[in-house]
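Chemist: Just a sequence and a predicted model for now, questions to come.
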Amino acid sequence: MTQAPDPVTDPQYDVATPLDLDYYGVFADLPEEDQKWWKRAREFGSGLEDRMVEAWEKAEYPVDLIREAGKLGLFTDGVDVSSAGLENLSPMAAGLVNMETSRIDGSLGTALAVQGGLALRTLALFGSNEQKAEHLNDVASGKTLGSFALTEPTHGSDSVSLETTAELTGDEQTGSYVLNGAKKWIGNGASGGLTFTWARVVGGEFDGKVRCFLVPQETPGYKAEVIEHKGSLRAIHQALIQYDNVELPADAVLPGSRSFKDASTVLFATRLGVAWSAVGHAAACVEAALSYAKQRKQFSKQIGAHQLVQERLTWMVSELTSMQLHVRHVTELDAAGRLSGPQASMAKYHNTRKARQIAHVARDMLGGNGILLNNKVSRHMADIEAIHTYEGTESVQSLIIGRDLTGFSAFA
């Protein structure tokens with residue numbers, strides 16, 4: 001009888017170990033306080049790789065991790081939360097946290113951006129003292145999940161044309177508002193908590209203006225369902241929301257929100273966060289490709305010993321370095337109060353485009369193993385498609401920059 005052959009062992013590759021590729025030392029001289037937050041984000045994400053692969057594959061949202069991140073203070077995203085007795089992060093520290101969580105997993109990075117960059121920022125900037133006293137600490141700590149509802153099913157890039165209405169009955173001090181309309185792609189919108197809803201006012205002093213309303217998700221008429229069949233950011237739940245005669249008291253409006261420009265203020269800040277997120281995604285892809293090139297053998301030697309592979313690695317590291325330089329410089333401008341909207345758009349435009357290109361080269365370098373979720377790259381490649389779109393598509397960013405360059409608006 002012929003002896004059965006030994007079972008074939010499928011090689012396993014360590015592509016998840018952080019390499020901290022920083023060829024120019026762009027982050028080498030950062031203040032110790034900023035690096036402290038980076039290390040805290042690294043510790044938070046340590047050991048989560050397998051869990052996030054499973055959550056991504058099953059489209060499950062690990063809310064417990066979001067609350068754990070909140071307890072560590074990782075949500076504050078450069079927002080002033082000192083009134084809630086919490087530590088403030090500098091813009092640089094906030095960027096590093098965003099970068100690191102996105103390097104771990106895109107859904108985690110997006111969840112932190114939704115909770116901190118969008119929901120918490122909206123409350124901190126435009127909420128009343130009473131609203132902040134009641135909710136700021138709980139949102140900042142992750143005890144209460146927050147969402148930012150601006151995008152609509154028929155209004156994405158042209159969100160200024162939103163159709164959700166808030167009809168005023170009585171006066172602004174003692175009356176009530178009734179919300180009707182729909183929102184789409186709203187992170188945390190069906191996860192319980194608070195939804196900061198942007199709607200066009202009908203009646204009263206602010207008739208026709210866009211304002212923000214604090215909507216508890218248990219309010220009658222608020223109906224939200226998790227969007228299914230996503231091919232990107234599968235480990236965070238995003239919602240399609242229907243507002244069916246949602247009645248709110250007058251004090252549900254955030255008094256500091258007085259026009260659509262206020263929504264734009266929030267998006268302006270988070271646009272820079274997306275540029276940082278792109279660095280995290282790109283770094284994960286380059287790390288995976290480099291680690292794989294040192295371990296995978298073909299033609300009797302590691303593929304990293306082949307000229308073509310070394311050229312590709314060099315290209316990826318050079319592009320990653322460019323991305324790092326972009327975010328460091330624009331974040332320093334932001335900290336100094338000198339960052340313009342078009343400059344933030346340039347950072348987002350440049351970095352999400354480069355991250356997309358890096359992911360495709362890295363996926364190709366891993367060959368067939370590149371499509372396996374546990375080898376990182378395919379998951380990041382899919383998630384980059386989302387960050388390339390949200391907070392303003394590449395086309396919209398180019399129109400913002402183009403208008404700044406030429407003085408001509410090309411928006412329809």
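Modeler: Ah, there it is.
Chemist: Low-confidence bits of the chain, can you list those?
Modeler: Counting by pLDDT under 70, the chain shows low-confidence ranges at 1-8, 158-159, 412.
Chemist: just so I have it, where are all the helices in it?
Modeler: Counting by DSSP state H, one finds helices in the chain at the ranges 32-45, 49-58, 63-71, 91-104, 106-112, 121-126, 129-141, 260-295, 307-335, 341-365, 377-389, 394-406.
Chemist: list the contacts for residue 197?
Modeler: The neighbourhood of residue 197, defined by CB atoms under 8 Å, 6 or more residues apart in numbering, consists of 149, 164, 179, 183, 212, 213, 214, 215, 243. The way it works is simple: take the backbone N, C-alpha and C, and place the C-beta from them, glycine included.
Chemist: Of these - the most surrounded one?
Modeler: With neighbours set by other CB atoms under 10 Å, the maximum within those is found at residue 149, which has 30 neighbours.
Chemist: That residue contacts residue 194, doesn't it?
Modeler: No - the criterion here is CB atoms under 8 Å, and residue 149 misses it with residue 194 at 10.2 Å.
Chemist: Overlap in contacts, the two.
Modeler: Residues touching both residue 149 and residue 194 (CB under 8 Å, 6+ apart): residue 215.
Chemist: tell me the domain boundaries of this structure?
Modeler: Taking automatic domain parsing as the domain assignment, the record places the domains of the chain at 32-145, 147-259, 261-406.
Chemist: Now distance to residue 18 too, for these, in TSV please.
Modeler: Output for these, formatted as TSV (distance: least, CB to CB, whole Å):
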stretch	distance to residue 18
domain 32-145	7
domain 147-259	20
domain 261-406	7
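Chemist: Which of the ones you listed sits closest to residue 17?
Modeler: Of all these, it is domain 261-406 that lies closest to residue 17, at 6.6 Å by CB to CB.
Chemist: Ends of the closest one, what's the gap?
Modeler: For domain 261-406, the separation between the terminal residues is 22 Å (CA to CA, to the nearest Å).
Chemist: Can you report how many residues lie near residue 49?
Modeler: For residue 49, which is what you asked about, the neighbour count (other CB under 10 Å) is 16.
Chemist: Could you measure from it over to residue 137?
Modeler: In this structure, residue 49 and residue 137 are separated by 31 Å, where distance is defined by CB to CB, to the nearest Å.
Chemist: again, but for residue 213
Modeler: When distance is defined by CB to CB, residue 213 is 21 Å away from residue 137.
Chemist: ditto for residue 111
Modeler: Computed with CB to CB, the distance linking residue 111 and residue 137 is 19 Å.
Chemist: same check, this time on residue 119
Modeler: Going from residue 119 to residue 137 by CB to CB gives 13 Å.
Chemist: So for these two, which sits in the more crowded spot?
Modeler: The residue with more neighbours, out of residue 119 and residue 137 and counting by other CB under 10 Å, is residue 119; that gives 28 against 16.
Chemist: Skipping its backbone neighbours, what lies nearest that one in space?
Modeler: Distances taken as CB to CB, 6 or more residues apart in numbering put residue 146 closest to residue 119, at 2.8 Å, once the chain neighbours are dropped.
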